[in-house]
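J.: Predicted model, plus sequence, below.
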Amino acid sequence: MKRVVRQALALVALAFLPAIAQAVYYGKSAPWQAPAVAKDEVTLEQARGFGDSVLWLDARPDAQFAEAHIPGAMALNEDRWGELLPQMLAVWSPDKRVVVYCSSQSCAASHEVARRLRTEAELKNVFVLHGGWETWLEANK
């Protein structure tokens, strides 16, 4: 009986060797460590694929927007929603895809602005940039 148990344990250990080797080899770049793209999000590559039909909206505070932003982006944040929304709607058209971003993957401002655009302004094709401003910075170093 002990022999069967030892053989079973040896088989289990051998089965785990490829997984352990892969985890060691890929280390921090393992795909299971990357946050998943939510259903209302788009990757930077997808957003760039929209071409000229994308309208970038920056949901960060005014000071951060003034410091730097995606070229052509407009500010639309919660603090000045009532003032900035009409300005945004003046340049929006139904053929545009709206991509909202804020300062990081964990930033909720972009999701809230996108939600409000969908519900209050009744816009279609509103997305959040997966990874936010940091993703843009990293890709444009």
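T.: Now that the structure is in, tell me what you want to look at. Please read all numbers here as calculations on a predicted model, not as lab measurements.
J.: isn't residue 131 right up against residue 44?
T.: Yes: using CB atoms under 8 Å, residue 131 is in contact with residue 44, at 7.1 Å. Backbone N, C-alpha and C define where each C-beta goes, glycine included.
J.: For the chain, just list every one of the strands.
T.: 41-42, 54-58, 74-75, 97-101, 126-129 (DSSP state E).
J.: What is the third one packed up against?
T.: The one in question is strand 74-75. Judged by 3 or more CB pairs under 8 Å, 6 or more residues apart in numbering; DSSP states H and E, strand 74-75 is in contact with strand 54-58, helix 81-91.
J.: Likewise for the last one?
T.: Applying 3+ CB pairs under 8 Å, 6+ apart, we find strand 126-129 packed against strand 41-42, helix 44-49, strand 97-101, helix 109-119.
J.: hey, which of these is tucked in deepest?
T.: Sort the helices and strands packed on strand 126-129 by mean neighbour count, taking mean count of other CB atoms under 10 Å, and strand 97-101 sits at the top with a mean of 25.
J.: ok, residues contacting that strand?
T.: 42, 47, 50, 53-60, 70, 73, 76, 92, 110-111, 113-114, 117, 123, 125-129, 132-133, 136 (CB atoms under 8 Å, 6 or more residues apart in numbering).
J.: Listing partners with orientation, what would you give for it?
T.: Its sheet considered, strand 97-101 pairs with strand 54-58 (parallel), strand 126-129 (parallel) by DSSP bridges.
J.: report the angle between the axes of that strand and helix 81-91?
T.: 150 degrees (axes from the mean of the first three to the mean of the last three CA atoms, to 10 degrees).
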